[in-house]
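K.L.:
Pasting a predicted model and its sequence here:
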Amino acid sequence: MNGRRFAIFITVVLTVWGFMHGYVFWRLSSIPWLAAHCPRMGLVLSALALWLSYPLARLLNARNVEAVGVPLEFVAAVWMGVLFLMLAALLVVDVVTAGGWLFSQVAPQLRGGAVLVAGLFSVVGVVQGLRPPVLRDYEVRMMGLPSEHDGLTLVAISDLHLGILKGERWLTKLVGRVNDLKPDLVAVVGDLVDGNVRHVERLLPRLKQLRSPLGVWAVTGNHEYYAGLELSVSLLEAAGYGVLRDRWTEVAPGLIIAGVDDLTARGQFGQSDDGLDHALANRPPAATILLSHSPLEWKRAAAAGVNLMLSGHTHAGQVWPFNFLVKLKYPLLAGRYEVNGMTLLVCRGTGTWGPPMRLWRPSEILRIKLRTGAK
């Protein structure tokens, strides 16, 4: 991302972040019991401090001031989730009361109730976010899969977002769980890195422990781009993973796995080349699995003869009701979809991004049994 594009991106993000704080704290100031105990200047200063918390934490951690940056990032990330839930709850009240024009006598109390509900949901979200990923089983029939590969097990993980908030302890447990499933093939479907490659390099010994007979294959996600694409790819390769950058490989006779650099990030970074065509070009007749971090271009993948497409990126919204916004951009949000003879599986993510929270959208590991023959 060039300097001008990056500056615009950061400006937009911080502006939206600022409007969210402005709206929530404006509505907080109208709640009687809060207004009575917290002066307006206190609310303004609190809003400013919380607005600065996440970017400041990221800056401190990038500058190696981790003694302050790590705990601040955890608090700021939790606040991100709390802020969104408060925003959603307060917006519902404003819609119902037409901004307080209807039910004017009880509207302030309703806002207070909305804040309490958001607080309760935040606690539930943190508890659910700390739970280990659930194991989700699928069976997928693939035309062209040789009979000797019938029953082959593929384990897919995505969106680990390793770094400050997801570290060695969490990764060790995850790698142990995946290896205990005894997969024939492992797919890492993007966003293994979050923020800073340096923080993930410390985890290389654990990443190297992830293994399977047919290899561990990975693609880049948008966060590999943000962290530095070449550095991120080098990290994946140092872990022993095969990185599928707009290419395919035959992992076993009659079974091809292909992958593309993230389609969302390509657009953000102004790449106009067609990664999907490159990834699938000139392959021999064989059952084909496609790894694409973002669930996009699924119709073209199906038309090109892909049997199984694996994606992530959406986190299924991660914190309800954010899923409704995510679905506007990514209509195939999570789970299983059948697209013109191709199966698309969209993982809800094995880790979390931003808030260490999940609300009705648990993290997951996918275990996929491959079957030969027609569906």
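P.N.:
Nice, thanks for sending it over.

K.L.:
Name the SS class of the residue of the chain most remote from its centre, please.
P.N.:
Going by C-alpha atoms, centre = their mean, the residue of the chain most distant from its centre is Gln105, 41.9 Å out. Here Gln105 takes the coil state, with states given by DSSP: H, G, I helix; E, B strand; the rest coil.

K.L.:
Tell me how far it lies from Pro32.
P.N.:
12 Å (C-beta to C-beta, to the nearest Å). All C-beta atoms are positioned from the backbone trio N, CA, C, and that covers glycine.

K.L.:
Then Thr11?
P.N.:
Separation of Thr11 from Pro32 (C-beta to C-beta): 36 Å.

K.L.:
which secondary structure elements does whichever strand or helix holds Met80 contact?
P.N.:
According to DSSP states H and E, Met80 maps onto helix 66-96. Packed against helix 66-96 by the contact rule (3 or more C-beta pairs under 8 Å, 6 or more residues apart in numbering; DSSP states H and E) you find helix 3-28, helix 40-62, helix 107-130.

K.L.:
Tell me which of these approaches Ser234 most closely.
P.N.:
Distances from Ser234 to each of these were compared by C-beta to C-beta, and the smallest falls on helix 40-62, at 18.7 Å.

K.L.:
Off-centre distance for the closest one?
P.N.:
When C-alpha coordinates are averaged (C-alpha atoms, centre = their mean, to the nearest Å), helix 40-62 and its chain have centres 24 Å apart.

K.L.:
Name the nearest residue to Asn222, sequence neighbours excluded.
P.N.:
Once its chain neighbours are removed from consideration, Asn222 has its nearest residue in Ala265; the separation is 4.1 Å (C-beta to C-beta, 6 or more residues apart in numbering).

K.L.:
And that neighbour, how far from His223?
P.N.:
8 Å.

K.L.:
Equivalent analysis for Pro295, please.
P.N.:
16 Å.

K.L.:
Could you do Arg40 as well?
P.N.:
In this structure, Arg40 and His223 are separated by 38 Å, where distance is defined by C-beta to C-beta.

K.L.:
before we move on, the earlier item: centre of the chain to the helix holding Met80, how far?
P.N.:
17 Å.

K.L.:
Report the buried residues of that helix.
P.N.:
Across helix 66-96, burial judged by 16 or more other C-beta atoms under 10 Å covers 69-70, 72-73, 76-90, 93-94.

K.L.:
Then stretch 232-239?
P.N.:
Neighbour-count burial for stretch 232-239, counted by 16+ other C-beta under 10 Å, picks out 232-233, 235-236, 239.

K.L.:
can you give me the strands in the stretch 151-300 of the chain?
P.N.:
For the stretch 151-300 of the chain, the strands identified by DSSP state E, counting those that start in this stretch occupy 152-157, 185-189, 216-219, 242-243, 247-252, 255-260, 287-292, in order along the chain.

K.L.:
Quick check: which of the ones you listed is nearest to Gly305?
P.N.:
When those are ranked by distance to Gly305, counting by C-beta to C-beta, first place goes to strand 287-292 at 6.3 Å.

K.L.:
Quick one: list the elements packing against the closest one.
P.N.:
For strand 287-292, the elements it packs on are strand 185-189, strand 216-219, strand 255-260, helix 275-280, strand 308-311, judged by 3+ C-beta pairs under 8 Å, 6+ apart.

K.L.:
Which strands border that strand, and is each parallel or antiparallel?
P.N.:
Here strand 287-292 has these sheet partners by DSSP bridges: strand 255-260 (parallel), strand 308-311 (parallel).

K.L.:
Please state the offset of that strand from the chain centre?
P.N.:
Here strand 287-292 is found 20 Å from its chain centre; the criterion is C-alpha atoms, centre = their mean.

K.L.:
what does it contact?
P.N.:
Contacts made with strand 287-292 from outside it, assessed by C-beta atoms under 8 Å, 6 or more residues apart in numbering, are listed as 142-146, 149, 154, 187, 189-190, 217-219, 244, 248, 254-260, 262-263, 276, 279-280, 301, 305-311, 370.

K.L.:
do stretch 335-342 as well
P.N.:
Counting contacts by C-beta under 8 Å, 6+ apart, the residues outside stretch 335-342 that touch it are 138, 143, 298-299, 301-303, 306-309, 343-346, 375.

K.L.:
okay, among these, which ones form the most distant pair?
P.N.:
Farthest-apart pair in the contacts of stretch 335-342 is Tyr138 and Ala303; separation 22.4 Å (C-beta to C-beta).
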